[in-house]
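Sequence and predicted structure below; questions after.
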Amino acid sequence: MVADAVKKPQYPTVVVLIPAFNEENAVGNVIRDIPKELISEIVVINNNSNDATSENALKAGATVLDEPKQGYGNACLKGINYIHSIKTPTDIVVFIDADYSDYPEEIAALVKPITDEGFDLVIGSRTLGKREKGAMTPQQIFGNWLATRLLKLFYGVKYTDLGPFRAIKYEKLLEMNMRDKTYGWTVEMQLKAAKQKLKICEVPVNYRKRIGFSKISGTVKGTVMAGYKIITTIFKYL
């Protein structure tokens, strides 16, 4: 009798989305440090940059999409629409910023709770990890603290961070029907995950000073606009 064939392990299909606005000096580093053995495709969404972000991302080996409508959420939505067109079904989507403040090699730590323990959404928490001095401004730290406490108060979920470095099951991401087009993207995802009772966890991630100048926390206008959008998004879905 012929023995049953040994089944090959099924590895998840992981796509990384990197929204990028004027990150020509950093985006190549992010792409370089992503563990390629875990990833099916790296997609950089060039969000109306006027520098060499697109060219440098292409040189580093990423797929590059152009989204001329300014806004972090617009860029993320463009990336999700692209995933629809991929023939191979996507299992997990990882979001990471293009400024090299996160450590791309830690993607494995974000994906593991999904593949090994069945979590739906994994947030990379800068609060739980090691943060380089000066990597986050005081207003960022305070805003993060306030937003996470409002989420606990109104949605009954305990987060320590709204950090953009995260992994999520693609099917769950689609079910969220994400709408925000600017600064409220991350908090919208986290509150919708709570409302839909997804299995959520945080993992510690390290965080360093970004390359270049922050367009949000680096200006008073950007900080105020981001804070306002995050708070209004929290109350919008009550």
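Cool, the structure landed. Numbers count the residues shown, from 1 in each chain.

For residue 93, list each beta-bridge partner.
Residue 93 forms beta bridges with residue 15, residue 168, as assigned by DSSP bridges.

so it makes contact with residue 172?
No. Using Cβ atoms under 8 Å as the test, residue 93 is too far from residue 172 to be in contact (9.5 Å). Placement of C-beta: from N, CA and C, glycine included.

neighbour count winner among those two?
Neighbours were counted for residue 93 and for residue 172 using other Cβ atoms under 10 Å; residue 93 has more, 23 against 20.

which ones are touching the more buried one?
14, 15, 16, 17, 80, 83, 167, 168, 170, 173 (Cβ atoms under 8 Å, 6 or more residues apart in numbering).

got those as JSON lines, with neighbour count columns?
Shown next, in JSON lines, are these (neighbours: other Cβ atoms under 10 Å):
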{"residue": "14", "neighbour count": "25"}
{"residue": "15", "neighbour count": "22"}
{"residue": "16", "neighbour count": "26"}
{"residue": "17", "neighbour count": "21"}
{"residue": "80", "neighbour count": "18"}
{"residue": "83", "neighbour count": "18"}
{"residue": "167", "neighbour count": "27"}
{"residue": "168", "neighbour count": "24"}
{"residue": "170", "neighbour count": "19"}
{"residue": "173", "neighbour count": "22"}
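
Do a quick rundown of the helices in the protein.
27-33, 53-59, 72-84, 107-117, 138-155, 170-176, 185-195, 220-236 (DSSP state H).

Name the residues of the longest one that are buried.
Think helix 138-155. Residues of helix 138-155 classed as buried by neighbour count (16 or more other Cβ atoms under 10 Å): 140, 143, 144, 147, 148, 150, 151, 155.

what about the closest residue to residue 45 other than its chain neighbours, how many residues close to it?
Computed as Cβ to Cβ, 6 or more residues apart in numbering, the closest residue to residue 45 that is not its neighbour in sequence is residue 75, at 4.1 Å. For residue 75, the count of nearby residues is 27 (other Cβ under 10 Å).

Pull up the gap between residue 75 and residue 183, please.
The gap separating residue 75 from residue 183 is 12 Å, by Cβ to Cβ, to the nearest Å.

Now for the closest residue in space to residue 51 that isn't next to it in sequence, how many residues are close by?
Counting by Cβ to Cβ, 6+ apart, residue 24 is the residue found nearest to residue 51 once chain neighbours are left out, at 4.3 Å. Neighbourhood size, residue 24 [other Cβ under 10 Å]: 19.

Also the one 3 residues further on?
Under the neighbour criterion other Cβ under 10 Å, residue 27 is assigned a count of 31.

likewise the one 10 residues further on?
Per other Cβ under 10 Å, the neighbour tally for residue 37 reads 7.

ok, now which ones touch residue 30?
Per Cβ under 8 Å, 6+ apart, neighbours of residue 30: 18, 96, 97, 98, 99, 100, 102, 104.

residues in contact with stretch 182-199?
71-74, 76, 118-121, 123, 147, 151, 155-157, 159, 162-164, 166, 168, 172-173, 175-176, 178-180, 200, 216, 225-226, 229-230, 232-234, 237.
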